[in-house]
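>>> structure of the sequence below:
(one chain, ligands or ions: 1)
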Amino acid sequence: MTDTAQSSSELSAFDGQPARHEHSRTGMSAEALRRAISDHLVYSIGRPAAAITTAHYYQALSLAVRDRMQQRWMATTQDWLDLSNKVTCYLSAEFLMGPQLGNNLLNLGIEDEARAALAELGQDLDEVIDCEEEPGLGNGGLGRLAACYLDSLATLERPSIGYGIRYEFGIFDQEIHDGWQAEKTDNWLVGGNPWEIGKPDASYFVCWGGKTEQYTDIAGNLRVRWIPRRVLQGISYDTPIQGYNTNTCNTLTLWSARSVTQFALDAFNTGDFYKAVEDEVLSEKVSKVLYPNDEPEAGKRLRLQQQYFFVTCSLQDIIQIHTERVGLPLSALPDKWAIQLNDTHPSIAVAELMRLLIDEHHMDWDEAWRITVATFGYTNHTLLPEALEKWSLGLFGDCLPRHLELIYEINERFLEEVRAKFGDDEDRVRRMSLIGEDGGKTVRMAHLATVGSHYVNGVAALHSELLKDSVLKDFYELWPERFGNVTNGVTPRRFLALSNPGLRQLLDEKIGDGWLTDLYRLRELENFVDDPSFRERWREVKRANKGRLAEYVHSATGIELDPMWMFDVQVKRIHEYKRQHLNALHIITQYHRLKTIPGYTMPPRAFIFGGKAAPGYYLAKRIIKLITAIGDVVNADPDVNRFMKVVFLPNFNVQNAHLIYPAANLSEQISTAGKEASGTGNMKFMINGALTIGTLDGANVEIREEAGAENFFLFGLTEDEVENVKAGGYRPLDHVDRDPELAAVLELIREGRFTHGDTEVLKPVLDNLIHDDPFMVLADYRSYIDCQDRVSAAWRDGNTWTRMSILNSARSGKFSSDRAIEQYCDDIWNVTPMNVDI
Ligand code: 26Q
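Prediction:
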């Protein structure tokens, strides 16, 4: 450096020129950013200075940040077009991206510059970041996993596209009224979305309904054409996915439905022209709203339409890029593209790719099938039978007549293969068929996805084993080589660096910042585990995080929490199998002890819950009421509120998750063994130094393996034991008869202690526990309570707890989504890194 040179942070990342020459679209200095924000306020937002609000600063800064990704974004796309790089497409009905601004600043390495630029303009970066309305385009784990995987793909420099739906209304906003959940529309687009670029010229037609017809083409080949009843259009909206500290900037393409112009309709030989046009309202309904899970009957037809809609747009896009922009023949599709099906939601893709190749591109069956199977991989996320997607044949054939024919043909050939291998085992054939005959006839989407993919994986070791052992057992026996496991992971950028700045600072100081891209580096923390001053710093970080959460809890609920208390947290969708009510029984147990045992004390705890219930899930909504009702009584009772408080934090989402995980001391992962496929919240807690109380379910098994059994609070039946108890007949009342404490706890609910004497409100929950509980809450009650007593004992000894906390973080490296994505790239996609030059 010469003596006239600026410090490196003032040099442009692109041309090494001093900051004052930096372009206001690309310059990475605070000065260039400040100019860019001011420009956008005038030229993009267009408000007079007097009318500018913090939200406008959010818009302006976001546009400035998007500008700074633009060159990388275009260079990345160009590189995978030009070179022989293989591209991963992640097809998912959900992408739960969370707020983008903070994450993009982090990944671009310009947080300090943005803070300084805003300060010059009299604004505070944190306040500006808080203005973002997060895109809640997912229900929970599956959607958030997709988002973590996009972050890792970009960071690991793997070219990729996420394909999904641009829902106008994402997951509902949850409010709590009088202790009950109330749903409010999530209007995330009203303020505009600065991250996306709409590309109305990049659109595809989507046919729907109608019938098929055979014809002979000029060469004399017998072919099929689909004469749809309706046609609509998908428009793409692209969002940049910037990798951390790399030039790779990938794409998330979300499809939005539009009605077609009459002009375009001429291309389709629809029976009824005017009906096919229909009104915009009908067409544009398709991408209107995200459906909640656990609502099996809700909007069946529209849900199928959403799935087909985004799948056909995505496949048409891939084929267009492949043939027209890359210029490769369709036979090379599997060499250039790996397409992953995120659960069965996009599994219609198997039939749709066959239709496109055969009907539209006139390929013969065997070649089309070879390409299809070689291109797709399928990830299963659930074993719950009620969650496995099935479509009634009538509905399916009415909506997608051509696909039903293709599925029959796929099935016929597939069952021939089954018979060839296993003889005429008709029982097996019936079990494996793509068409289910139990009850009415159905199309079994998990079977379609499995048959149409070259690889099938579960999302945690236990789950993948159970898959091979239960729902996909027959398929495993046919093709053992197609089955494997990829344990889920979460991105350490968002869930550590961004959301836990205190811990990030401490880590950077002690072990450097290599952990951001190699989470196994956290192991180096083990060197400090017995260092008293380090332990003190560790505790101080956690305490400060708890202070931040306490403030948020107070503003959201009016409840005051003491950051010195243990924060015991369960945040996830409300579901019987996740057993929030088991947690509630523990709270009541402690309440009962405090009320009845003279001199009984416990280390003070804040019990914090968060999570949404599907609007039509009756029991889940009662479980929320149970928790809030207990909270009302406990929090107001001076006998007990010195020792415990209960909080139901409304509207759990990615934004407030940033405050929750870093503040937790205890992570509740208490599902019935065998029911939670993996869990990913469990990993977010662990990385941030919470200890887990959990069953041997999903990824808990691996968390315990990594942390060491002595650093994990284990309780409950194993999956095997659960099955055995079930087989022998589960009798919940036996547990009540044997356990007076449990009997007393249930009696408190029954007599209306938490409901002002009302004995009806919570009766459905009690009836379920005692008479009709497939998730065996009462069978695990005693084991859970005893384990919670061990938790309290460990907490009493602050040094033991801190040690265990440090070790949990130190050993969480496996649970980075970078590890998971590398495994997908190596085992399933055959994708290697690509260096992007700009
Ligand atoms: C299906 C049909 C109709 C309407 C909605 C749905 C639907 C939507 C979303 C069904 C399921 C989902 C989401 C499932 C989900 O989030 N599963 C979770 O996936 C995580 C990532 O692998 C796992 O960690 C969790 O264990 C699993 O529950």
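
>>> how about residue 68, what does it touch?
By CB atoms under 8 Å, 6 or more residues apart in numbering, residue 68 lies in contact with 25-26, 28, 108, 110. C-beta: built from backbone N, CA, C; applies to glycine.

>>> ok, now residue 595?
639-640.

>>> over to residue 739?
Residue 739 neighbours (CB under 8 Å, 6+ apart): 781-782.

>>> with the one 4 residues further on instead?
Listed by CB under 8 Å, 6+ apart, the contact set of residue 743 reads 736-737.

>>> repeat for residue 748
So residue 748 contacts 588, 591-592, 754 (CB under 8 Å, 6+ apart).

>>> show me the domain layout of this structure.
Domains of the chain are assigned by the TED database as 75-389+447-486, 499-820.

>>> how many other residues sit next to residue 45?
20 (other CB atoms under 10 Å).

>>> I figured it hits residue 55, correct?
No - judged on CB atoms under 8 Å, residue 45 makes no contact with residue 55 at a distance of 9.6 Å.

>>> ok so, going back, got the contacts of residue 68 as JSON lines, with neighbour count columns?
Shown next, in JSON lines, are those (neighbours: other CB atoms under 10 Å):
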{"residue": "25", "neighbour count": "16"}
{"residue": "26", "neighbour count": "19"}
{"residue": "28", "neighbour count": "20"}
{"residue": "108", "neighbour count": "21"}
{"residue": "110", "neighbour count": "24"}
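
>>> restricted to helices, list the residues you listed.
Under the assignment DSSP state H, the contacts of residue 68 contribute residue 108 to helices.

>>> circling back to that earlier point, least confident of the domains of the chain, on average?
Ranked by mean pLDDT, the domains of the chain end with domain 75-389+447-486 at the bottom, a mean of 93.

>>> any chance of the domains of the chain in TSV, with distance to the ligand too?
Shown next, in TSV, are these (distance: least, CB to the nearest ligand atom, whole Å):
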stretch	distance to the ligand
domain 75-389+447-486	3
domain 499-820	4
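
>>> reformat those as TSV; add distance to residue 438.
Shown next, in TSV, are the domains of the chain (distance: least, CB to CB, whole Å):
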stretch	distance to residue 438
domain 75-389+447-486	11
domain 499-820	19
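
>>> so for residue 410, which of those domains sits nearest?
Judged by CB to CB, the one of the domains of the chain that comes nearest to residue 410 is domain 75-389+447-486, at 6.6 Å.

>>> distance between stretch 590-606 and the chain's centre?
The chain centroid and the centroid of stretch 590-606 are separated by 37 Å under CA atoms, centre = their mean, to the nearest Å.

>>> how about that stretch: buried residues?
590-594, 602, 604-606 (16 or more other CB atoms under 10 Å).

>>> likewise stretch 640-652?
640-641, 643-652.

>>> how about stretch 797-805?
Across stretch 797-805, burial judged by 16+ other CB under 10 Å covers 801-805.

>>> list of residues touching that stretch?
Contact with stretch 797-805 is made by 529-530, 535, 538-539, 542, 665, 689-691, 710-711, 794-795, as judged by CB under 8 Å, 6+ apart.

>>> show me those that map onto helices.
Among the contacts of stretch 797-805, the members falling in helices (DSSP H) are 535, 538-539, 542, 794-795.

>>> which strand or helix spans residue 368?
Take DSSP states H and E as the rule and residue 368 turns out to sit in helix 365-375.
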